[in-house]
Each structure stands twice: as structure tokens, then as C-alpha cells.
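In: I would like the atomic coordinates for the input below:
(2 chains)
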Amino acid sequence: MTGEQVIFLIVGAVTLIAGLMVVTVRNLVHAALWLVATLFGVAIVYTLLNAGFLAVVQVVVYIGAIAILFIFAVMLTRRQAAETGASVNPNWLVGAVMSVLTFAGLVYLLQTWSGFSKQAAAIPSGFDAINQLGNALTSPTGYVLPFEVASVLLLAALVGAVYLAFNKK
Amino acid sequence: MIPLSWYLILAAGLFSIGLFGVLARRNAVAILLGVELMLNAVNINLVAFWRYGDISMMAGQVFAIIVFAVAAAEVAVGLALVISVYRRRSTVVAEDLDLLKW
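Out: Down below sits the predicted model:
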């Protein structure tokens, strides 16, 4: 077992355990903090996949913005410090069975695929992933249109969020 | 070296955990936390397929960036809706919001 595999196993286990804590822990502020741990684990997975730029974006956008937004929302929507009532609904057992079945089904389908245990090809020398990504995002033959549509989507979400959360009284 | 299967199984596990969160939690903010886990699982898959496929085709990473943007938009609008609902109904428990249910 190589060092890379050991790192992956540790990071994967931490990510999955933190994910489980996100959906089971009672206090929502703690759930948001466990989400931060999960997102850090995913950022390390990106690094293992040689996608350094995405790892940085994950830390900046997800942990820096989205997780903090969640903590704000939790604090704005709590009447008392302690949560009241159950944290899961009465159908949680059905939900658990559904998600276990989804996991089993996904793994079963994937292991019938011939490329399932494929190894990564070595990165060619002089390959610059960030340069390639920037070119792909801005060249007309690449993905400039989806990129611009994403910016329009973000603007629409910004306006919509301000409108929805604005206190009209 | 790490085979592709490890990444796919990690992503499948994370997706299932997020699915459980969406199906089982009562609080609307907790449901959105589950959606975030599912989006992250999808991103792991996209980047893994980029790395293990043709590395000069950037579609996987570009798509992951689009998913980032969509996730940010979804969280902003979703949390604004939660805050708006909380202001009117003083609750964020999803099953209490049954105005459209007969």
C-alpha cells in the first residue's frame, strides 16, 4: 500500500464520518461545523486528484462562504438556544433504508462497468492544468457560454435572495 | 496508485449520506446541508473522471466549477427562503409548512 493510498483512506474515512455527523447531530451549529470538516476532506480529495485550483476554490467558496452562510441562517432561525422536538422525522427509517439501497445500487452498477478499477495515466510533463482550465473557460470553442450563463445565474440568485429576505414592513 | 473505484465508492457513500439527510431531517436548514453533501459527492465524481479519462479534456473541471456556482446560488436562495418563512411562520420545521398540502 502506497503513501497516497494511506492518505486517501484516512481522508475518505474522516470525510464520511464527518458527513454522517452532519446528518445525525442534533445541534445545527455543530452540523454546520461538521460540514466544514467534510468540505475540507473533499478539498484534500481534489488535491489527490491533481485538481489544485478546485481544492482552493472549495476552501474559499464552500468553507469561506457557504458554510458561514449556513451558520448565519441557523443563528437567525432559532428562537431558543436548545432545539425542541426530534431532529429526524417519523419516516427516518424509510429514508435510511432508501439511502443504503441507493449506495448498494450505485456500487453494484459501477462494479459491473469495465473501467471501474482503472488506474490513472501519468500526467504528461509540462501539462499545466490551471492554464488549460482558464483557456477552456474563456475560449469561444470551449465553455465560455456556460461560464457566462453561470454568472447570470449568480446575479439572478443574488437579486432573488435579497428580494426574498428583505423585510417589507 | 489509487484506482478509480475508491473515488467512486467514496462519492457514492457521501451521496447516500446526503440523501439520508434530505429524507430524514426535520429542519429545513439541515435538509439544505444534506443537499450540499450530495453536490460535493457529484463534484468528486466529475473531477475523478477528468483525472482518469483524457486529462487534456477539461470538461470535468469546468463542470465542477459550474456546480460550485449552482451550489452557491442554491444556498443563497434556499436560506433566503428559510429566513422569509421563519419570519412569517416562526418555524423552520419542514413538515409544519403544509400550506400547499391538502
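In: before we move on, what SS does B:Leu23 have?
Out: What DSSP: H, G, I helix; E, B strand; the rest coil gives for B:Leu23 is helix.
In: and it, what does it touch?
Out: Residues counted as contacts of B:Leu23 (Cβ atoms under 8 Å, 6 or more residues apart in numbering or on different chains) are A:91-92, A:94-95, A:98-99. Where you see a C-beta, it was placed from the backbone N, CA and C, and this is true even at glycine.
In: chain neighbours aside, what residue packs nearest to the residue most central in space within chain A?
Out: When chain A is reduced to its mean C-alpha position, the nearest residue by Cα atoms, centre = their mean turns out to be A:Leu39, at 5.8 Å. Once flanking residues are discounted, A:Leu39 sits nearest to A:Tyr62: 4.6 Å by Cβ to Cβ, 6 or more residues apart in numbering or on different chains.
In: ok, now A:Leu106?
Out: Nearest non-adjacent residue to A:Leu106, counting by Cβ to Cβ, 6+ apart: B:Ala12, 4.2 Å away.
In: which SSE is the one you found in?
Out: Using DSSP states H and E, B:Ala12 sits within helix B:4-24.
In: whichever helix or strand comes after that helix - contacts with which helices or strands?
Out: On the C-terminal side of helix B:4-24, the closest following helix or strand by DSSP H and E is helix B:28-52. Applying 3 or more Cβ pairs under 8 Å, 6 or more residues apart in numbering or on different chains; DSSP states H and E, one finds that helix B:28-52 contacts helix A:3-24, helix A:28-48, helix A:67-76, helix B:4-24, helix B:59-89.
In: now do the same contact list for residue 35.
Out: Picking chain A for this. A:18, A:22, A:67, A:70, B:33, B:36-37.
In: switch to chain B, please.
Out: By Cβ under 8 Å, 6+ apart, the residues touching B:Val35 are B:18, B:22, B:74, B:78.
In: tell me the spacing between it and A:Ile10.
Out: Taking Cβ to Cβ, to the nearest Å as the measure, B:Val35 and A:Ile10 are separated by 26 Å.
In: just A:Thr112 next, same as before
Out: Taking Cβ to Cβ as the criterion, A:Thr112 is separated from A:Ile10 by 29 Å.
In: more neighbours: the two, which one.
Out: With neighbours defined as other Cβ atoms under 10 Å in any protein chain shown, A:Thr112 and A:Ile10 compare such that A:Ile10 has more, 12 against 7.
In: could you report the pLDDT at that one?
Out: Here, the pLDDT recorded for A:Ile10 equals 95.
In: then A:Val74?
Out: We have a pLDDT of 88 for A:Val74.
In: hang on, the earlier thing: go through the contacts of B:Val35 and name the one nearest A:Ser139.
Out: Minimum distance to A:Ser139 across the contacts of B:Val35 is 27.7 Å, recorded for B:Glu74 (Cβ to Cβ).
In: could you look up the SS state of the spatially closest residue to A:Gln5 that is not a sequence neighbour?
Out: Take A:Gln5 and drop its neighbours on the chain: the residue closest to it by Cβ to Cβ, 6+ apart is B:Ile2, 5.7 Å away. Look at B:Ile2: counting by three-state DSSP, its state is coil.
In: so what does B:Ile2 have for phi and psi?
Out: B:Ile2 has phi and psi values of phi -90, psi 120 when expressed as degrees, to the nearest 10.
In: could you check how many residues crowd around it?
Out: The local packing of B:Ile2 (other Cβ under 10 Å) involves 21 other residues.
In: so it makes contact with A:Phe8?
Out: Yes. Using Cβ atoms under 8 Å, B:Ile2 and A:Phe8 qualify as a contacting pair, with a distance of 5.3 Å.
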